[in-house]
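Q: let's see this in three dimensions:
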Amino acid sequence: TVRRDWEGATITMDVKVLVLGAGGLGCEVVKNLAVLKVREIHVVDLDTIELTNLNRQFLFKDQDIGRYKAQVAAEYINRWSEHQQISCTRAIAHCMDLLSLGSDFYEQFDFVISGLDAVQPRRFVNQLLVQLTRNSNFEICIPLIDGGTEGLQGHVKTIIPGITACWECSIETLPQQQTRHPMCTIANSPRNLEHVVEYVVTVQMAGEELDTKRLLQLCRDRALQFGIPADTLTESYAVGVAKRIVPSVSSTNALVAAICCNEMVKIYNDSVDFNTLKNFKTVSGINGLYINSFKFARLDTCPVCSGF
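A: The predicted model follows:
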């Protein structure tokens, strides 16, 4: 049934939200926004669907393999909205690189929610939104809500440009070495041996016992296929990389996506004080479930947001 107010009108969140990424986290965010009856949901993702996505990216099915994630996600949400008789919600796909989109594209949105798994595009969007706020003297101030997951751990950063710490302020808190790379990179354009090993383990040997000889041979074959020098590829190196790989966990994605959307709802309903906002949340499901909320202060020397 469709929830209605006392006059019989469908209850809608009258906002345009941009979702960055339609992977494991992005699918959960898009679904939550549809359930919240957000008026317009825009999804940006250049990646295509692979078989290995289906265990955690529930908007996709076997027949969608090879299609753009953003397009399939938008189609799913639009079909669901029609089935639920929710004419107020519309999803729109942008099957392109978000780095190619300028400020005129981003400034149309009321919120940006990031489900990205790479650093560079996060830094790009953060800098662009901060610059929009600076150039407009706060006439444009678009909240950026950044979610991230790795295994049983995750985070949510709520960024109000020019008021709270921006994404760049906390870049030093990132691990010095990433333990997981974007699937689109390791599948379509691997650049080094680590990408090669990760693809072999998570795709070609998915669900298999770790046979070191087979692992090494598959890695050599894939390195040769993409012209990556394999002089330093040894059995011990391949096993070492394989043991560092952290799998994506659906329940973590669901929890972090829920927190992201809850932060958006609080801002939409004007129920937060930005001066005291606990803008960072960390999630850990390793020993029980712990969610820690705290205020991360702006960095005076931040190259992006200092000087406001």
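
Q: in contact with residue 193, which residues?
A: Taking Cβ atoms under 8 Å, 6 or more residues apart in numbering as the contact definition, residue 193 lies against 219, 223, 228, 230, 232-233, 237, 241. Every residue, glycine included, has its C-beta placed from N, CA and C.

Q: if you rank the residues you listed by neighbours, which is first?
A: Within these, residue 219 tops the neighbour count with 26 neighbours, counted by other Cβ atoms under 10 Å.

Q: assign that one to helix, strand or coil.
A: helix (DSSP: H, G, I helix; E, B strand; the rest coil).

Q: where in the stretch 151-300 of the chain is pLDDT low?
A: Along the stretch 151-300 of the chain, segments meeting pLDDT under 70 span 175-184.

Q: so which residues of it form strands?
A: Per DSSP state E, counting those that start in this stretch, the stretch 151-300 of the chain carries strands over the ranges 153-159, 280-284, 290-294.

Q: got it, and the stretch 1-150 of the chain?
A: In the stretch 1-150 of the chain, strands defined by DSSP E, counting those that start in this stretch lie at 13-20, 38-44, 90-94, 111-114, 144-150, listed in chain order.

Q: which one of those lies closest to residue 211?
A: Judged by Cβ to Cβ, the one of these that comes nearest to residue 211 is strand 144-150, at 26.1 Å.

Q: before we move on, back to that, how about a markdown table for the contacts of residue 193, with distance to residue 93 added?
A: Compiled in a markdown table, those are given as follows (distance: Cβ to Cβ, whole Å):
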| residue | distance to residue 93 |
| --- | --- |
| 219 | 35 |
| 223 | 34 |
| 228 | 32 |
| 230 | 38 |
| 232 | 41 |
| 233 | 39 |
| 237 | 40 |
| 241 | 34 |
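
Q: isn't residue 242 right up against residue 204?
A: No: the pair residue 242 / residue 204 is not scored as a contact, 11.8 Å apart, by Cβ atoms under 8 Å.

Q: more neighbours: the two, which one.
A: The residue with more neighbours, out of residue 242 and residue 204, is residue 242; 18 against 15, by other Cβ under 10 Å.

Q: now for the nearest residue in space to the more buried one that is not next to it in sequence: which residues touch it?
A: Spatial nearest neighbour of residue 242, excluding adjacent residues (Cβ to Cβ, 6 or more residues apart in numbering): residue 201 at 4.7 Å. When contacts are counted by Cβ under 8 Å, 6+ apart, residue 201 is found next to 210, 215, 241-242, 245.

Q: do the same with residue 173
A: Contacts for residue 173 (Cβ under 8 Å, 6+ apart) come out as none.

Q: and the gap between the residue most central in space within the chain and residue 238?
A: A centroid search over the chain (Cα atoms, centre = their mean) returns residue 115, at 1.2 Å, as the residue closest to the centre. Distance check for residue 115 against residue 238: by Cβ to Cβ, to the nearest Å, it reads 30 Å.

Q: can you give me the buried ones in stretch 236-256?
A: Judged by neighbour count using 16 or more other Cβ atoms under 10 Å, the buried positions of stretch 236-256 are 238-239, 241-242, 248-249, 252-256.

Q: that stretch: end-to-end distance?
A: Taking Cα to Cα, to the nearest Å, the first and last residues of stretch 236-256 lie 35 Å apart.

Q: ok, residue 75 to residue 92 distance?
A: Where residue 92 is concerned, residue 75 sits at a distance of 11 Å (Cβ to Cβ).

Q: how far does stretch 124-137 sit from the chain's center?
A: Its chain's average C-alpha position is 20 Å from that of stretch 124-137, according to Cα atoms, centre = their mean, to the nearest Å.

Q: now do the buried residues in that stretch.
A: Within stretch 124-137, the residues that qualify as buried by neighbour count (16+ other Cβ under 10 Å) are 125-130, 132-134.

Q: follow-up on the earlier one: closest to residue 81 among the buried residues of stretch 236-256?
A: When the buried residues of stretch 236-256 are compared for distance to residue 81, the smallest value, 20.3 Å, is given by residue 254; criterion: Cβ to Cβ.

Q: shouldn't that closest one be in contact with residue 31?
A: No: judged on Cβ under 8 Å, residue 254 makes no contact with residue 31 at a distance of 9.2 Å.
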